[in-house]
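any chance you could fold what I've pasted below:
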Amino acid sequence: MFKKKIILKFGLEIVAIVVGISASFGLNEISVNKENKIQKNRVLNNILIEVGDIEKYCDERFNLWYQDIEIYNLLLKKNLNLKKLKEIAISKSRVEYNLIYYRDFDPPMNRYKSIINTGDLKYLKSESIKEALTRLHNLNFTKVASTVEYEKNLKEQVIKLLTNEYPSLFVLGNNNEVSFEKYIESLHKSIQENNKIKSNLIVQMKYFKTRISVLKLYLLTLEELKYEVQEIQRINL
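Numbers count the residues shown, from 1 in each chain. Okay, the predicted model is just below:
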């Protein structure tokens, strides 16, 4: 009888220990799951914030790149439409910028880089979101960035041609006493009479158009990413 009581006592103690350990593990798992959910929502919110920032940045790029194309179109036409050109480019420096400077492509990516560097990507179980992030910030970004590099090389050729054959254009551009109209007329004349410059600008304009096409593909992926994130958030409400 005494032995039975001892066995029962130890049995109950063992059961209590097992139940305690199981409860502890259970509570810990609940705590871990709760923390993972908090971190996942934080990562998803950060992605959405950056998507919005990238959309604004790309809208600005689109406006400027379309303007660049229109300025080149007007300068390449035989008959100069000075009034229309002035509506797009309000100053000499705006036109000059189009000729000698290239536009980089540097959308906001700090949040994405932070997610990668801190390893927070592990909180996202959605493969579609991970895949969209990779395509957006690697494949499609590289495609847009490469068109910028091509443009940079073409700009160098234009600068060389203009400085060698029409150095006076830069003097006119920096002379505040020279009107916008006179500067544009001189520039247009130089382009029309020099096929090297004209052909270079035509090639540049083709790259401008290619760049816009690639940017549209970039934005399609951005929309896909936005949709996937919002779907995950909706399901988890």
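
ok, then the element right after the strand or helix carrying E60?
Here E60, judged by DSSP states H and E, is contained in helix 2-76. Of the helices and strands lying after helix 2-76 in sequence (DSSP H and E), the nearest is helix 82-88.

elements contacting that following helix?
helix 2-76, helix 180-193 (3 or more Cβ pairs under 8 Å, 6 or more residues apart in numbering; DSSP states H and E). The C-beta positions use only the backbone N, C-alpha and C, and glycine is treated the same way.

quick check: mean pLDDT of the first one?
Put plainly, it is helix 2-76. Taken as a whole, helix 2-76 carries a mean pLDDT of 76.

repeat for the shortest one
Average pLDDT, helix 180-193: 92.

in it, which residues are buried?
When burial is assessed from 16 or more other Cβ atoms under 10 Å, helix 180-193 yields the following buried residues: 180, 183-184, 186-188, 190-192.

what's the answer for stretch 220-232, then?
Buried residues in stretch 220-232, counting neighbours by 16+ other Cβ under 10 Å, are found at 221-222, 224-226, 228-229, 232.

ok, so of those, who is nearest W65?
L222 (16.6 Å; Cβ to Cβ).

hang on, the closest one packs against I54?
Yes: the pair L222 and I54 qualifies as a contact (Cβ atoms under 8 Å) at a distance of 6.0 Å.

if I look at N73, how far off is P108?
31 Å (Cβ to Cβ, to the nearest Å).

what's the neighbour count on the residue lying closest to L64 once chain neighbours are set aside?
Counting by Cβ to Cβ, 6 or more residues apart in numbering, L64 lies nearest to R103, which is 6.5 Å off, once chain neighbours are set aside. By the measure other Cβ atoms under 10 Å, the count of residues near R103 is 17.

ok, now V43?
By the measure other Cβ under 10 Å, the count of residues near V43 is 21.

look up how far I49 lies from M205.
Taking Cβ to Cβ as the measure, M205 falls 35 Å from I49.

out of those two, which sits in the busier spot?
In terms of neighbours (other Cβ under 10 Å), M205 is the more surrounded of M205 and I49; the figures are 18 against 12.

quick one, phi/psi of that one?
Main-chain torsions, M205, degrees, to the nearest 10: phi -60, psi -40.

ok, the closest residue to it other than its chain neighbours - contacts?
Nearest residue to M205, sequence neighbours excluded (Cβ to Cβ, 6+ apart): Y72, at 4.5 Å. Contact partners of Y72, counting by Cβ atoms under 8 Å, 6 or more residues apart in numbering, are 98, 201, 204-205, 208.

please redo it, this time with the cut-off set to 10 Å
Shown here is Y72, whose contacts under the criterion Cβ atoms under 10 Å, 6 or more residues apart in numbering are 98-99, 191, 201-202, 204-206, 208.

same check on H188?
74-82, 85.

only the buried subset of these, as a PyMOL command please.
Buried residues within the contacts of H188, by 16+ other Cβ under 10 Å, are selected in PyMOL with:
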select buried, resi 74+75+80+85
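
of the contacts of H188, closest to V171?
Distances from the contacts of H188 to V171 were compared by Cβ to Cβ; the smallest belongs to L75, at 18.7 Å.

what's downstream of the host helix or strand of T147, the next helix or strand?
T147 is part of helix 141-165 when elements are defined by DSSP H and E. Next along the chain after helix 141-165, taking DSSP H and E as the criterion, comes helix 168-174.

for that next one, packing partners?
Applying 3 or more Cβ pairs under 10 Å, 6 or more residues apart in numbering; DSSP states H and E, one finds that helix 168-174 makes contact with helix 92-100, helix 141-165, helix 180-193.
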